[in-house]
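Chemist: Sequence first, predicted model second:
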Amino acid sequence: MRIAIFGLGYVGTVTAAGLASQGHQVCGVDVDALKVEHIRSGRSPVVEPGIEELIATAVESGDLTATTDPVAALERADVSLLCVGTPSKSQGGTDLTYLRRALDDIRQGLEVATPPASGFHAVVVRSTVPPGTGDEVVQYDVLRRAAGLGRRHGNVPRIPPRRARASPTSSTRRSLCSAPPIRVSPTC
């Protein structure tokens, strides 16, 4: 499976390394060129036991790449995982600015990127978000605003990162399989 991971912070990097180590073709995308360069050179931008080895092996095998270009990450991608920061606002609530920015990148990128052979692309929120974000933000930004995508409706799953884990690198597979993503076809 070809996977685009938006956000190469802790959650995105660990997820990318774990999926690439399982043989998936993973392309991480981040606005921070230093994080991208770390991944490209086989190094981790985050500290986590075992992550350096996973990244080095995945980059060497060609299963893990990184870019600052969302369109390049979306080329023939079957799924996008959003692993961007969702910090708290000073008055309470959640700041979804980075999530909205990533959704805009995905929407715009899907208009020009080559779709996967299946013709379907799934969008999964891996970031911690408040209830209703799938319906109120993700569906609106991706499904309703994107040309040709707005006729398909459904729930967009969110898969929050687990805070208490023995080893995030070993639990990536289990947490990502906990909810099936809605499939969005650019050919609707």
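Modeler: All right, it came through fine.
Chemist: Which elements pack onto the lengthiest helix in the chain?
Modeler: Longest helix of the chain, by residue count under DSSP state H: helix 97-112. Helices and strands touching helix 97-112, by 3 or more C-beta pairs under 8 Å, 6 or more residues apart in numbering; DSSP states H and E, are strand 2-6, helix 70-74, strand 79-82, strand 121-125. (C-beta placed from N, C-alpha, C; glycine too.)
Chemist: how does it look with 10 Å?
Modeler: Packing partners of helix 97-112 (3 or more C-beta pairs under 10 Å, 6 or more residues apart in numbering; DSSP states H and E): strand 2-6, strand 25-29, helix 70-74, strand 79-82, strand 121-125.
Chemist: lowest-confidence stretch among those?
Modeler: For these, the weakest mean pLDDT is recorded on strand 121-125, namely a mean of 86.
Chemist: Reformat the helices and strands packed on helix 97-112 as CSV; add distance to residue 45 and mean neighbour count.
Modeler: Output for the helices and strands packed on helix 97-112, formatted as CSV (distance: least, C-beta to C-beta, whole Å; neighbours: other C-beta atoms under 10 Å):
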stretch, distance to residue 45, mean neighbour count
strand 2-6, 13, 26
strand 25-29, 10, 25
helix 70-74, 16, 22
strand 79-82, 17, 26
strand 121-125, 21, 24
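Chemist: what about residue 19, neighbour count?
Modeler: 24 (other C-beta atoms under 10 Å).
Chemist: did I read that right, it in a helix?
Modeler: Yes - under DSSP: H, G, I helix; E, B strand; the rest coil, residue 19 sits within a helix.
Chemist: Residue 88 versus that one, what's the distance?
Modeler: 28 Å (C-beta to C-beta, to the nearest Å).
Chemist: Then residue 5?
Modeler: If you go by C-beta to C-beta, the gap between residue 5 and residue 88 works out to 23 Å.
Chemist: got the angle between the longest helix of the chain and strand 2-6?
Modeler: For helix 97-112 against strand 2-6, the angle by axes from the mean of the first three to the mean of the last three C-alpha atoms, to 10 degrees is 140 degrees.
Chemist: Just the CA trace of helix 97-112, in CSV.
Modeler: Extracted as CSV, the C-alpha positions of helix 97-112 are listed here (Å, rounded to 0.1, in the frame of the first residue of the first chain):
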residue,chain,number,x,y,z
THR,A,97,-5.0,25.3,12.0
TYR,A,98,-2.4,22.6,11.0
LEU,A,99,-5.1,20.0,10.4
ARG,A,100,-7.0,22.4,8.1
ARG,A,101,-3.7,23.3,6.3
ALA,A,102,-3.0,19.6,5.7
LEU,A,103,-6.5,19.0,4.5
ASP,A,104,-6.2,21.9,2.0
ASP,A,105,-2.9,20.4,0.8
ILE,A,106,-4.6,17.0,0.3
ARG,A,107,-7.6,18.5,-1.5
GLN,A,108,-5.4,20.5,-3.8
GLY,A,109,-3.0,17.7,-4.3
LEU,A,110,-5.7,15.1,-5.2
GLU,A,111,-6.8,17.4,-8.0
VAL,A,112,-3.4,17.0,-9.8
